[in-house]
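>>> Quick one, structure for this:
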Amino acid sequence: MPVNARTAIAEDIEVAPSQRSMGELQEALANLSTRDTSDAQACAMRGEIEFLLGRHYDAALSFTSLVTAEPDYASAHYNLGLALLRIERWDRAAAEFKESLRMDDRDNVDACLGIGICLLEQHRPEEALTVFEQCQIYDPQGRAAFGRAAALAMSGRLEEARLAFERLLQSDPIHREVITNLMALAAATGDIQRLEGYSRMLLELDPQSLDALQGLANVAFLRMDFRSAARYCDQIMELAPDCQEASHNFAVATDKLMTQLRGERT
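This is a model prediction of the structure:
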């Protein structure tokens, strides 16, 4: 039900940088390729550059070399965990985040968030809820609060999840992922009024939001307003021509509309 946790949380978590000035990323990476693979500093820099370039598999290999060379380097375990998270190796990522926390006495909010994300992705929401609640007080950005709300939703505690997401929306009224989750909760509970309200709110933020248009189309179908349903489905098809669901729903809406019109004439 909730938006993928990585979409809303993980994108804000960054690698822990070493002391370096990389300049052009590709050029720096080419220069590092000539360095000894056992050189810890070179492994760290190479892993960071690969991560920034979106080459997460390569970054995981580089950080693995780094933790092999420097097993007591907490930031290396954290960076490896983050690279593993991006390639969806949940168990191994969580283990590296935990190792980073074990070595670093300071509060490492990002590592805690990483563990929570891994637990959510493994469909272990109750454990994730505990993790997010523990690190929530150290996270002023609200990422842990979002994770907690997502965990509540995944646990089936829908009313608590709705209240948690609404509190987040009060502090950040343009948080699109929060609005999308509130739409999903409204749809799950059959709350048409809230579904329409949040869909329109999202559409105001993004007039080309497929989620918003789909939400409004669903509301129109539930109200048997097939003219509006057809209009919203038509807009979705304009934005996403390959969307078979919108094409099917458009056909259903127009067929229902024609049936209504024939009945009125009769």
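>>> which secondary structure elements does the one helix or strand F132 maps to contact?
Using DSSP states H and E, F132 falls within helix 125-135. The contact analysis (3 or more C-beta pairs under 8 Å, 6 or more residues apart in numbering; DSSP states H and E) places helix 125-135 against helix 109-121, helix 143-154. For the C-beta atoms, the positions are set from N, CA and C on the backbone; glycine is no exception.
>>> what sits up against that helix?
Here helix 125-135 makes contact (C-beta atoms under 8 Å, 6 or more residues apart in numbering) with 107, 109, 112-113, 115-117, 119-120, 144-145, 147-148, 151-152, 154-155.
>>> Any of the residues you listed buried? List them.
Among these, those classed as buried by 16 or more other C-beta atoms under 10 Å are 109, 112-113, 115-117, 119-120, 144-145, 147-148, 151-152, 154.
>>> Pull out the buried residues from stretch 218-230.
N218, V219, A220, F221, D225, F226, S228, A229, A230.
>>> hang on, I meant stretch 152-161
Neighbour-count burial for stretch 152-161 [16+ other C-beta under 10 Å]: L152, A153, M154, R157, L158, A161.
>>> What is the burial count for L52?
As a burial measure, L52 scores 15 neighbours (other C-beta atoms under 10 Å).
>>> ugh, wrong one, I meant F165
29.
>>> How about the one 4 residues further on?
Residue crowding around L169 was assessed by other C-beta under 10 Å; the count is 17.
>>> before we move on, what about N108?
For N108, using other C-beta under 10 Å, the count is 20.
>>> surely it meets R102?
No - N108 lies out of contact with R102 (C-beta atoms under 8 Å); the separation is 10.3 Å.
>>> for R92, what are its contacts?
By C-beta under 8 Å, 6+ apart, the neighbours of R92 are G81, L84.
>>> Chain neighbours aside, what residue packs nearest to C243?
I236 (5.8 Å; C-beta to C-beta, 6 or more residues apart in numbering).
>>> Repeat that for L84.
Nearest non-adjacent residue to L84 (C-beta to C-beta, 6+ apart): A93, at 3.8 Å.
>>> and the buried residues of stretch 218-230, which of them are in helices?
N218, V219, A220, F221, F226, S228, A229, A230 (DSSP state H).
>>> The fifth one against K256, yeah?
Yes - in this structure F226 lies within contact range of K256 using C-beta under 8 Å: 4.3 Å.
>>> same question for the helix or strand harbouring D91, mean pLDDT?
For D91, the host element (DSSP H and E) is helix 90-103. For helix 90-103, the mean per-residue pLDDT is 93.
>>> which of the residues in that helix are buried?
W90, R92, A93, A94, A95, E96, F97, K98, E99, S100, L101, M103.
>>> Would you reformat those as TSV and include distance to N249?
Below are the buried residues of helix 90-103 laid out as TSV (distance: C-beta to C-beta, whole Å):
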residue	distance to N249
W90	34
R92	41
A93	38
A94	39
A95	44
E96	44
F97	42
K98	45
E99	48
S100	47
L101	47
M103	53
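>>> from those, which is closest to L203?
W90 (34.1 Å; C-beta to C-beta).
>>> give the contact list for that closest one.
W90 neighbours (C-beta under 8 Å, 6+ apart): C118, E121, Q122.
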